[in-house]
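Engineer: Quick one, fold the following:
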Amino acid sequence: MTEIIRKLRVAAYAVIVRDDQILLSRWLGPERPMWILPGGGVDHGEDPYDAVIREVFEETGYKAEVRRLLGIQNVHGPLNRDGVDVDYHRIRILYEAEVVGGELTFEVGGSTDQAGWFPLAEVPELDHVESVDVGLAMFRNRPEDGRIARFT
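Structural biologist: Residues are numbered from 1 along each chain as shown. Predicted structure coming up:
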């Protein structure tokens, strides 16, 4: 019998929209690079609010200020990584934020390699992770309960 590994990942992401453009980072995923919301894993003992500010700076060079909590995305299901079965549980904390300083720079030696502003109308054509769509839906619709359990 194959052992299934259980993994929990808590991460904080920023939805930063200005002038009908969204700020995205290019994640160096296991299959291929894909565009994501700037953000990432919350370190042990770190407040997610502080994590998203840190991650935006690391990935984009911008200083960000959080405006509000948009919501939580809960994703749970099987994943196979390098032949290993993983019971993977992702909790994504999504914030609305804005750029208040810094300049666009790319992360070196991290999980992303580029960042940039993209017109909102072009997002559907970008090769991006589904959390970008979830973040934009929360940004646009402001769910009362702050939660999108499943995005379709």
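
Engineer: thinking residue 96 is in contact with residue 15, fair?
Structural biologist: Yes - in this structure residue 96 lies within contact range of residue 15 using Cβ atoms under 8 Å: 5.4 Å. Glycine gets a C-beta too; all of them are placed from N, C-alpha and C.

Engineer: These two: which has the busier surroundings?
Structural biologist: Neighbours per residue (other Cβ atoms under 10 Å) separate residue 96 from residue 15, with residue 15 holding more: 25 against 18.

Engineer: And for residue 84, nearest residue in space, chain neighbours not counted?
Structural biologist: Excluding its sequence neighbours, the residue lying closest to residue 84 (Cβ to Cβ, 6 or more residues apart in numbering) is residue 5, at 6.3 Å.

Engineer: What residues are bridge-paired with the one you found?
Structural biologist: Assessed by DSSP bridges, residue 5 has beta-bridge partners residue 86.

Engineer: same check, this time on residue 99
Structural biologist: Beta-bridge partners, per DSSP bridges, of residue 99: residue 64.
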